[in-house]
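A.B. asks: output the structure for:
(one chain, ligands or ions: 2)
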Amino acid sequence: MKKMGDFRNAKRVGVMGGAFDPVHHGHLNVAECVRHEFQLDFVLFIPTGQPSHKVTQTFNEHRYLMTVLACNNNPHFHVSRMELERPGFSYTIDTIRLLKEQTTAELYFIVGADEMLKLDEWKDAKELVNLCKWVAVRRPGHAEIRSHLEIPGLDISGTAIRERIEKNQPIRYLLPDTVIKYVNDLKLYQNCPNDCDFEGIQNSVAKRLSAEKFKHTLGVVETAVSLASIHNIDLCKAYISALLHDYAKEFTHEEKLALCKQFEMPLNSFYERNVGILHGKLSAEFAKREFGITDIEILRAISNHTTGRIGMTDLEQLILISDAIEPYREHYDILEELRTLSVANLRQANILFMRSQIKMLKEAGREVDSTGIDALKWLESS
Ligand SMILES: [Fe+2]
Ligand SMILES: [Fe+2]
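C.D. replies: Numbering: from 1, shown residues only. Ligands and ions are numbered 1, 2, ... in the order given. Just a heads-up that it's a prediction; the model follows:
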């Protein structure tokens, strides 16, 4: 998957804030035109956190993931979750100040020319004007406004797209196909929304896990959703499986054993000697019992993410490899090779990863689960 460009060494960086609810070709077109005109190293898309002037918007993670999907095939586009992670209202000045601390690059703040007319309403507007270069782009329908840059008109807005979805009107060609798949698979903006409470589950996961493990989990979600979009796997199932895969990871050894007893999970002697590996099976139990997940494919993907199994589905392969290559993983020798391979071929990526894991365990004199060995043999022969 794409990694963040070398932000520190960049000379010119575009900053594109927005609700991206959903992100569409209007945003992407503006970013590309500005990047070309000002020879920017890259454009950073920053989905807004909690804006001071708007009350409701779609769950943060949906807007973030849609923006990631939209930017995946442009090496000059990157997405930042900095506003989503900051508590309280989002003000542009705070974002720009933070970016200035992280880079010496010149920042090009991309803004609608009509927004500039309301500059005096912005927090610390004077300082904001001095901190970065402003690129005012004119949106269609605002011919009276002078702008730095004329963008070939794409009269698209998030509001119009949401209305079209609600009325069951076509949205194809208004936004990337990858984003449309996300909207469809997760039933966003529709009259009958998804009955899965993504925000509620995500909040529970955040409470259950340490900050570090939760960050890993969000990395697995992002990787799984990106790869699912490439390999035509259901994005909703990818999201939920990734979100819950390590839910039980941080229970202690004793707690895990007690939970197995409570859930009446049979333990063989291997599991008794290797209690840590049980967290996949326990997480699947929690998915079922605490969050009402009944989809067998999701439950299997969570349950088997540590070892794989004979006959593992594409979703199971997706979660196993996403866990291994998510963006916050510390470097290991085949990490980049796995990231490239997982885009081309999920099965080959899993084979390479499982071979290396089994080899590593054997070299360390550790016990290897026969389920994993059988899963590898099955992947190699299928
Ligand atoms: Fe895990
Ligand atoms: Fe994990």
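
A.B. asks: interface residues of the stretch 251-382 of the chain facing ligand 2?
C.D. replies: By Cβ under 5 Å from the ion, the residues of the stretch 251-382 of the chain that approach ligand 2 are Asp323. Using the backbone N, CA and C atoms, a C-beta is placed for each residue, glycine as well.

A.B. asks: okay, now whatever residue of the stretch 251-382 of the chain ends up closest to ligand 2: neighbour count?
C.D. replies: Using Cβ to the ion, the closest approach of the stretch 251-382 of the chain to ligand 2 is made by Asp323 at 4.2 Å. Residue crowding around Asp323 was assessed by other Cβ atoms under 10 Å; the count is 22.

A.B. asks: give me the residue from the stretch 101-250 of the chain nearest ligand 2.
C.D. replies: Evaluated by Cβ to the ion, the stretch 101-250 of the chain has Asp246 as its residue closest to ligand 2, separated by 4.2 Å.

A.B. asks: what helices or strands is the helix or strand hosting the residue of the stretch 251-382 of the chain closest to ligand 2 leaning on?
C.D. replies: Asp323 is part of helix 314-325 when elements are defined by DSSP states H and E. In terms of contacts (3 or more Cβ pairs under 8 Å, 6 or more residues apart in numbering; DSSP states H and E), helix 314-325 is packed against helix 211-230, helix 235-244, helix 296-303, helix 335-344, helix 346-363.

A.B. asks: comparing those helices, which comes out most buried?
C.D. replies: With neighbours taken as mean count of other Cβ atoms under 10 Å, the helices and strands packed on helix 314-325 reach their highest mean count in helix 235-244, at a mean of 26.

A.B. asks: and the contacts of that one?
C.D. replies: Identification of contacts with helix 235-244 by Cβ atoms under 8 Å, 6 or more residues apart in numbering yields 65, 181-182, 185-187, 194, 196, 198, 201-202, 205, 217, 220-221, 223-225, 227-229, 283-284, 286-287, 291, 293, 295, 297-298, 301-302, 305, 315, 318-319, 322.

A.B. asks: pipe the helices and strands packed on helix 314-325 into a markdown table and attach mean pLDDT per row.
C.D. replies: Putting these into a markdown table (pLDDT from 0 to 100) gives the following:
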| stretch | mean pLDDT |
| --- | --- |
| helix 211-230 | 98 |
| helix 235-244 | 98 |
| helix 296-303 | 98 |
| helix 335-344 | 97 |
| helix 346-363 | 96 |
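
A.B. asks: now render the ones you listed as TSV, adding distance to Asn73.
C.D. replies: Below are the helices and strands packed on helix 314-325 laid out as TSV (distance: least, Cβ to Cβ, whole Å):
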stretch	distance to Asn73
helix 211-230	10
helix 235-244	16
helix 296-303	26
helix 335-344	11
helix 346-363	18
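
A.B. asks: I'd like to know which of the ones you listed is closest to Pro327.
C.D. replies: helix 211-230 (5.0 Å; Cβ to Cβ).

A.B. asks: from memory the residue of the stretch 251-382 of the chain closest to ligand 2 sits against Val221, does it?
C.D. replies: No: contact criterion Cβ atoms under 8 Å: Asp323 and Val221 do not qualify, at 10.7 Å.

A.B. asks: could you chop this structure up by domain?
C.D. replies: If you go by automatic domain parsing, the domain ranges for the chain are 12-156, 198-381.

A.B. asks: returning to that earlier point: show the contacting residues for the residue of the stretch 101-250 of the chain closest to ligand 2.
C.D. replies: Shown in contact with Asp246 (Cβ under 8 Å, 6+ apart): Leu209, Lys213, His216, Thr217, Val220, His279, Ser283, Asp323.

A.B. asks: tally of neighbours for the residue nearest to the third one when sequence neighbours are not counted?
C.D. replies: Take His216 and drop its neighbours on the chain: the residue closest to it by Cβ to Cβ, 6 or more residues apart in numbering is Tyr328, 5.9 Å away. Residues near Tyr328, counting by other Cβ under 10 Å, number 13.

A.B. asks: in which helix or strand would I find Tyr328?
C.D. replies: In the assignment (DSSP H and E), Tyr328 maps to no helix and no strand.

A.B. asks: next one: it, what pLDDT does it get?
C.D. replies: With respect to pLDDT, Tyr328 has a value of 95.

A.B. asks: do the same with Gln39
C.D. replies: 94.

A.B. asks: what number of residues lie near it?
C.D. replies: Residue neighbour count, defined by other Cβ under 10 Å, stands at 8 for Gln39.

A.B. asks: good, wrapping up.
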